[in-house]
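Colleague: Structure, please.
(2 chains)
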There are 2 protein chains.
Amino acid sequence: MKVVITGGCGFLGQMIAKAILKRGELRGPDGKPAEVDEIQLFDQLAPVTPFSWADKRVTTVAGDISDKATVASLVDRDDVSVFHLASVVSAGGEKDFDMAMRVNLMGGLNILDAARARGSVPRLVFSSSLAVFGGPDLPKEVDDWTRHTPETTYGMTKAFGELAINDYTRKGFIDGRTVRLPTIVIRPGVPNAAASGWASGIFREPLQGKEHVLPVHDGFYMMLLGYRSAVEGFLAVHEAEGAAIGPDRTVCLPNKAYAVAQMVEALERVAAEERLKLGPITRERDPSVEAICGSWPLKMDSTKARALGCPEDADLDSVIRGFIEDFL
Amino acid sequence: MKVVITGGCGFLGQMIAKAILKRGELRGPDGKPAEVDEIQLFDQLAPVTPFSWADKRVTTVAGDISDKATVASLVDRDDVSVFHLASVVSAGGEKDFDMAMRVNLMGGLNILDAARARGSVPRLVFSSSLAVFGGPDLPKEVDDWTRHTPETTYGMTKAFGELAINDYTRKGFIDGRTVRLPTIVIRPGVPNAAASGWASGIFREPLQGKEHVLPVHDGFYMMLLGYRSAVEGFLAVHEAEGAAIGPDRTVCLPNKAYAVAQMVEALERVAAEERLKLGPITRERDPSVEAICGSWPLKMDSTKARALGCPEDADLDSVIRGFIEDFL
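Modeller: Sure, this is the predicted structure:
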């Protein structure tokens, strides 16, 4: 079978592709395990040279997800699954509303329609976000019945994606599943336009001896999940029986809130163990970052995810150790 | 100022237009009362001869709401308000998914973008529905924090409309307000493709000596609001101070659930008073209608609407009497 990953050249897209390569098979539209012979990474830009981790099963395609024909051409087999990760992110969407609508909303519909057009009812895993929630009156703990109250256009388009996944699945067009993510850490590479970027940077930069400029105060809490658990969560949700997910196709991955002070403590603890010299963390509060990140909940009920086998992190220390092992 | 009403040739659109004609003025984009010198009714079909109730302030335009240029041409003044009622309805959307997406979702975005393009931050009142809720696990009483769980494509697109109204307003593009309606009764004329159509037909047909074929059982409950109260609700929400509505722009109009048996009793009571001979009600249950209507809640918290001055019905008898007065 073929696997299409939109936003596939991004961090999570690559990690999911690597995990699928290692696993070798996924459940196809008929629910039976099938060998994965092709993984297509679709993104706005493709790398000039193949990814070092990729083998001949992996191809990359650059294109515009808001172009219907381009997206339709990706889903060119009946034995196919889609991981839809492509998205303009939170702060990026606040800067360019029209791009967020074009990429997230129209692009999302394009990939849903491409999967629908196969007729084989492919599995499609959509990446949603805690940013579907927001606002001063939001309960700090949310569950599967909490209304979507996004405070960013990013979150609004993610909320729409969840609605569309449920409806396309209800209609029998696709076998959609939504993975609703807390803030995923520790992202390697350079910062992206996500307002939550500092929650990776606070670990990533000091671990590489670089300075991190922290835009939030030390008592600030963020709901986190390590990327290894997130990737396993994506695959568990893809592999789950549809009936175990139910008519609401959204699965909130496990998550835990940490204060900045706890992040710094864990970082210093692991650095001491590993005898790493940390770069400095300097403080420069950014009200727009605090406003966006502060509008998010601190706990999402993840009972369903755990029942489906989505792992949680042992602790923050293990997330940091994993990052050192994978990237440093 | 100008008022554009999409779906303006439909029942509610016409009633709102008549109420505005009578009132003579509405609050403009600057919040100050302004004389309404033009009401444009936009719909998929326009009447051959002008509506009997209309005067020279009223024009009708037929067109396709999914055509961006057509919709942009309607909102051709800065001193403008929009009532966006155009929609494929519940059972209609279940029959034609693509039309529901094109009209409700793309059409909705077109009218929002047309209002946004003015730059004057026009008031735009969007007509949403109890159909944003659904499913076997839905609480029978919902409030402003209950998650949208639509069980129809119609409801899904209405849920998206609520999200979009909130986001366009948050961005300062428009001054959007959503009126979330229970089932509105008693609609005159011929039945439309709404699954809830019987809740008007059960009164309308017998009152005109005709047979009504009831598709639900006698113990079935529906959450209703009379059209006179609904029209007043639309205007109250349009006129309200933005701050009184808050960042969540959705206002659930007052509503009350009645069993079919209570509807029949009220009908017979009023008919006896008015010495009307009723046509017969025959029973022919339709599982698809019971499934759609049965997925809706029986009570929506309408605290906010009442604070904004949206009226509730005195009782069902007065709704029936109003219909007789207005249409028979």
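Colleague: Spell out which residues of the stretch 1-150 of chain A are next to chain B.
Modeller: A:97, A:101, A:109, A:135, A:139, A:144, A:145, A:146, A:147, A:148, A:149, A:150 (C-beta under 8 Å from any C-beta of the partner chain). All C-beta spots, glycine's among them, are computed from the backbone N, C-alpha and C.
Colleague: what would those look like in CSV with pLDDT?
Modeller: As requested, those are arranged in CSV below (pLDDT from 0 to 100):
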residue, pLDDT
A:97, 98
A:101, 98
A:109, 98
A:135, 88
A:139, 91
A:144, 94
A:145, 95
A:146, 96
A:147, 96
A:148, 96
A:149, 95
A:150, 95
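Colleague: Direction included, what does the one helix or strand residue A:128 maps to pair against?
Modeller: Using DSSP states H and E, residue A:128 sits within strand A:123-129. In the sheet, strand A:123-129 lines up against strand A:80-84 (parallel), strand A:175-181 (parallel) (DSSP bridges).
Colleague: quick one, which of these is nearest to residue B:216?
Modeller: strand A:175-181 (30.7 Å; C-beta to C-beta).
Colleague: Restrict that closest one to CA atoms and write it as CSV.
Modeller: Once non-C-alpha atoms are left out, strand A:175-181 reads as follows in CSV (Å, rounded to 0.1, in the frame of the first residue of the first chain):
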residue,chain,number,x,y,z
ASP,A,175,-12.3,6.4,7.3
GLY,A,176,-11.1,9.6,9.0
ARG,A,177,-9.4,9.9,12.4
THR,A,178,-8.2,13.1,14.1
VAL,A,179,-5.3,13.2,16.4
ARG,A,180,-5.6,16.2,18.6
LEU,A,181,-2.1,17.2,19.8
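Colleague: Now do the next helix or strand after it: distance to the chain's middle.
Modeller: Going down the chain from strand A:175-181, the next helix or strand is strand A:183-185, by DSSP H and E. Centroid separation between strand A:183-185 and its chain, computed with C-alpha atoms, centre = their mean, to the nearest Å, is 8 Å.
Colleague: Relative to the whole chain's centre, how far out is the next helix-or-strand element following strand A:183-185?
Modeller: Downstream of strand A:183-185, the next assigned helix or strand under DSSP H and E is helix A:198-207. Distance, stretch centre to chain centre, for helix A:198-207: 18 Å (C-alpha atoms, centre = their mean).
Colleague: Given the helix or strand that helix A:198-207 is followed by, what are its sheet partners and their directions?
Modeller: Counting by DSSP H and E, the next helix or strand C-terminal to helix A:198-207 is strand A:212-214. Counting by DSSP bridges, the strands paired with strand A:212-214 are strand A:281-283 (parallel).
Colleague: Sort out which residues of stretch A:309-322 are buried, please.
Modeller: Neighbour-count burial for stretch A:309-322, counted by 16 or more other C-beta atoms under 10 Å in any protein chain shown, picks out A:310, A:311, A:312, A:313, A:316, A:319, A:320, A:321, A:322.
Colleague: hang on, the fifth one packs against residue A:264?
Modeller: No: Residue A:316 sits out of contact with residue A:264 when judged by C-beta atoms under 8 Å, with a separation of 10.4 Å.
Colleague: returning to that earlier point: any idea which of the buried residues of stretch A:309-322 is the one closest to chain B?
Modeller: For those, the minimum distance to chain B (C-beta to the nearest C-beta) is 20.4 Å, reached by residue A:310.
Colleague: Now do the closest residue to that closest one other than its chain neighbours: how many residues are near it, please.
Modeller: Nearest non-adjacent residue to residue A:310, counting by C-beta to C-beta, 6 or more residues apart in numbering or on different chains: residue A:233, 3.8 Å away. Residue crowding around residue A:233 was assessed by other C-beta atoms under 10 Å in any protein chain shown; the count is 29.
Colleague: for residue A:180, same thing?
Modeller: Counted with other C-beta under 10 Å, residue A:180 comes out at 27.
Colleague: For PyMOL, write the selection for the buried entries among the residues of the stretch 1-150 of chain A next to chain B.
Modeller: Of these, the buried ones go into a single PyMOL selection, burial set by 16+ other C-beta under 10 Å:
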select buried, chain A and resi 97+101+109+135+144+146+147+148+149+150
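Colleague: Relative to residue A:192, how far out is residue A:213?
Modeller: According to C-beta to C-beta, to the nearest Å, residue A:213 stands 16 Å off from residue A:192.
Colleague: what sits up against the helix or strand of chain A with the lowest mean pLDDT?
Modeller: When the helices and strands of chain A are scored by mean pLDDT, DSSP states H and E, helix A:90-95 comes last with a mean of 90. Here helix A:90-95 makes contact (C-beta atoms under 8 Å, 6 or more residues apart in numbering or on different chains) with A:99-100, A:104, A:129, A:131, A:152-155, A:157, A:192-197, A:288-289, A:292.
Colleague: what bridges to the spatially most central residue of chain A?
Modeller: In chain A, the centroid-proximal residue (C-alpha atoms, centre = their mean) is residue A:127; its distance is 5.2 Å. Residues in a beta bridge with residue A:127, per DSSP bridges, are residue A:179.
Colleague: so what's it up against?
Modeller: Here residue A:127 is in contact with A:7, A:12, A:83, A:84, A:85, A:87, A:178, A:179, A:181, A:234 (C-beta under 8 Å, 6+ apart).
Colleague: go again using 10 Å as the cut-off
Modeller: A:6-7, A:10, A:12-13, A:16, A:83-87, A:158, A:161, A:178-181, A:184, A:230, A:234 (C-beta atoms under 10 Å, 6 or more residues apart in numbering or on different chains).
Colleague: and the end-to-end length of stretch A:208-227?
Modeller: 18 Å (C-alpha to C-alpha, to the nearest Å).
Colleague: How far off centre is that stretch?
Modeller: 18 Å.
Colleague: ok, and for that stretch, which residues are buried?
Modeller: Buried-residue list, stretch A:208-227, by 16+ other C-beta under 10 Å: A:212, A:214, A:215, A:216, A:220, A:221, A:222, A:223, A:224, A:225, A:226, A:227.
Colleague: Report the residue spans of chain A with pLDDT below the cut-off.
Modeller: For chain A, not a single residue meets the criterion pLDDT under 70.
Colleague: where do the helices sit along it?
Modeller: A:11-23, A:68-74, A:90-95, A:97-100, A:107-118, A:153-170, A:198-207, A:227-239, A:242-245, A:260-273, A:287-294, A:303-307, A:316-327 (DSSP state H).
Colleague: Contacts for the fourth one, please.
Modeller: Outside of helix A:97-100, the residues within contact range by C-beta under 10 Å, 6+ apart are A:66, A:87-90, A:92-94, A:152-154, A:156-157, B:113, B:116, B:167-168, B:171, B:173.
Colleague: Can you list the buried residues in stretch A:71-83?
Modeller: By 16+ other C-beta under 10 Å, the buried positions in stretch A:71-83 come out as A:71, A:72, A:74, A:75, A:79, A:80, A:81, A:82, A:83.
Colleague: From residue B:158, how far out is the residue nearest to the first one when sequence neighbours are not counted?
Modeller: Residue nearest to residue A:71 in three dimensions, not counting chain neighbours: residue A:110, with 4.0 Å by C-beta to C-beta, 6+ apart. Noted for residue A:110: a distance of 22 Å to residue B:158, by C-beta to C-beta.
Colleague: okay, those two: which has more neighbours?
Modeller: Between residue A:110 and residue B:158, counting by other C-beta under 10 Å, residue B:158 is the more crowded of the two (30 against 25).
Colleague: tell me the contacts of that one?
Modeller: A:163, B:87, B:90, B:93, B:104-105, B:108, B:126-132, B:148, B:150, B:152, B:178, B:180-181.
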